[in-house]
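> Mind folding the following:
(chains A, B, C and D)
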Number of protein chains: 2
Amino acid sequence: MSVQERKERERAGRERLIVATARELAEQQGWDAVTTRRLAERIEYSQPVLYSHFRGKREIIGAVALEGAGEMAAAVRAAACSADGPRARVTALARAYLDFAERNPAVYDAMFQLDGGLAFAKEETPEPLKDAFAALLESLGEVAGDGVHPGLFTETFWAALHGLATLTRARRLPPEDTERRVELLVDRLAMV
Amino acid sequence: MSVQERKERERAGRERLIVATARELAEQQGWDAVTTRRLAERIEYSQPVLYSHFRGKREIIGAVALEGAGEMAAAVRAAACSADGPRARVTALARAYLDFAERNPAVYDAMFQLDGGLAFAKEETPEPLKDAFAALLESLGEVAGDGVHPGLFTETFWAALHGLATLTRARRLPPEDTERRVELLVDRLAMV
DNA sequence: CTCGAATGTCTAGCAGTGCTAGAATCGAAG
DNA sequence: CTTCGATTCTAGCACTGCTAGACATTCGAG
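Next up is the predicted model:
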């Protein structure tokens, strides 16, 4: 059955190629530029091939989102790990989060802005998404303060970061003072 | 020159009709359903008429955003006005903001999520947008705390609210605990 | 080695999008 | 009543996501 295995591998490889190409194209020219035709052309197949891997464009966005969630979790954990003490950890986490959003705007959009057909905050939520939230919880839970549920605190802190990330990138907030806003957020929200 | 004046009036009326219809359609079925054809059909004109009023769909979104900004400013001021003391004012403001976002999702999107071709946080920013921020600043500035710039504090608080609003509506956050998240935010961020 | 079947891929097309050139129509002034 | 300019519409472009059905390629049985 080695033949089937080979085909299986090739198929999986092509699927990765689709996701990687979609992500690349989205980062280069925005998600609007990721059309099925352009994507098909870049992977050097015809459009219908995309639909033999994914139900549609939405699912491709979802796949990029999952990939991004894994990376974000890793980035957040790395930042938290490299800092000493709860306070420094939270600051590092916040910076890492915003940095990720700024460096991977298309991936960030796929995760939190666009509809990738994924379930959030539920049981059927895909593992990478749960894990990304868990990565935040690990560092933020310990500074929630007395009588405040760690999960609730994490959600709130996350929402604040998300607001900063999106409003800044949408040019609703001037980018210069980002660092000061982060400091304010950490100062006030985290119970050192 | 009464003829020209009448035409002028009719034109202005039709423009308001376009904006109102676009808003209505967006609230009913989402912005994706607001196509130039559907919009034209609803106002009982052909599509090119839209382009004699607006450069394109983007500008229509922008017009809805401006309309919404005025209403949001009013809602925020009304809430702040009906509360006694800085602390209660901030809580009322936060609730009013999230309430506006929840009740007018399409308008909220037009303001902060979509591209309406408007400038933000600049000199050429349209008056209604400046005023909406000013409405926030009026109540939030007084609880910024010592040594914290009121504008910066307002931006940060606003970003947190925006994060809650968008993540909740995009089903990234479970809607049940919104009230508790708001309390946490006000408790920690506002220097009573 | 040949040949039917199954798998995989592509061509061509649908109904929809935002937007616009040029034809048709309307209304006001002479 | 006619003329002419402003207004509105018809028809069309190039694009979108998506899919049916034709085509090619590869596989396994004889």
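
> next one: phi and psi at the residue lying closest to A:F153 once chain neighbours are set aside?
Excluding its sequence neighbours, the residue lying closest to A:F153 (CB to CB, 6 or more residues apart in numbering or on different chains) is A:A144, at 3.6 Å. Using the backbone N, CA and C atoms, a C-beta is placed for each residue, glycine as well. Per-residue torsions, A:A144: phi -70, psi -30 (degrees, to the nearest 10).

> Can you give me the neighbour number for A:A144?
21 (other CB atoms under 10 Å in any protein chain shown).

> Tell me the residues of chain A that contact DNA strand D?
A:V3, A:V34, A:T35, A:T36, A:R37, A:R38, A:Q47, A:P48, A:Y51, A:G56, A:K57, A:R58 (CB under 7 Å from any atom of the strand).

> can you pull the contacts of the fifth one?
Spelled out, it's A:R37. By CB atoms under 8 Å, 6 or more residues apart in numbering or on different chains, the contact list for A:R37 reads A:Q47.

> Give me the distance between the host helix or strand of A:L167 and the centre of its chain.
In the assignment (DSSP states H and E), A:L167 maps to helix A:150-169. Put simply, helix A:150-169 sits 13 Å off its chain's centre (CA atoms, centre = their mean, to the nearest Å).

> who are the neighbours of that helix, in terms of helices and strands?
helix A:86-103, helix A:105-112, helix A:127-140, helix A:178-189, helix B:150-169, helix B:178-189 (3 or more CB pairs under 8 Å, 6 or more residues apart in numbering or on different chains; DSSP states H and E).

> ok and the shortest one relative to helix A:86-103, angle-wise?
Compare the direction of helix A:105-112 with that of helix A:86-103 by axes from the mean of the first three to the mean of the last three CA atoms, to 10 degrees and you get 110 degrees.

> Show me what counts as buried in helix A:105-112.
Neighbour-count burial for helix A:105-112 flags A:P105, A:A106, A:V107, A:Y108, A:D109, A:A110, A:M111, A:F112 (criterion: 16 or more other CB atoms under 10 Å in any protein chain shown).

> Check the fifth one too.
Buried residues in helix B:150-169, defined by neighbour count with 16+ other CB under 10 Å: B:151, B:153-169.

> ok so, going back, between the buried residues of helix A:105-112, which sits nearest chain B?
Chain B lies nearest to A:F112 out of the buried residues of helix A:105-112, by CB to the nearest CB, at 6.2 Å.

> Could I get the pLDDT score of that closest one?
For A:F112, the model assigns a pLDDT of 97.

> related to what we said a few turns ago, now do the contacts for the residue nearest to A:F153.
A:P150, A:L152, A:F153, A:T154, A:M191.

> Quick check: the first one touching A:V143?
This points to A:P150. No: using CB atoms under 8 Å, A:P150 is not in contact with A:V143; the gap is 9.1 Å.

> which intervals of chain A have sub-threshold pLDDT?
Scanning chain A for pLDDT under 70 picks out A:1-3.

> Could you show which parts of it are in contact with chain B?
Within reach of chain B by CB under 8 Å from any CB of the partner chain, chain A has these residues: A:112-113, A:119-121, A:148, A:152-153, A:155-156, A:158-164, A:166-167, A:170-174, A:177, A:180-181, A:184-185, A:188-189.

> The host helix or strand of A:R11 packs against which elements?
A:R11 belongs to helix A:2-29 when assigned by DSSP H and E. Under the contact definition 3+ CB pairs under 8 Å, 6+ apart, helix A:2-29 sits against helix A:36-42, helix A:47-53, helix A:57-81, helix A:105-112.

> So which of these is the most surrounded?
Most buried of the helices and strands packed on helix A:2-29, by mean neighbour count (mean count of other CB atoms under 10 Å in any protein chain shown): helix A:105-112, with a mean of 23.

> hmm, back to that, please identify which of the buried residues of helix A:105-112 is nearest to A:Q28.
Minimum distance to A:Q28 across the buried residues of helix A:105-112 is 8.4 Å, recorded for A:A106 (CB to CB).
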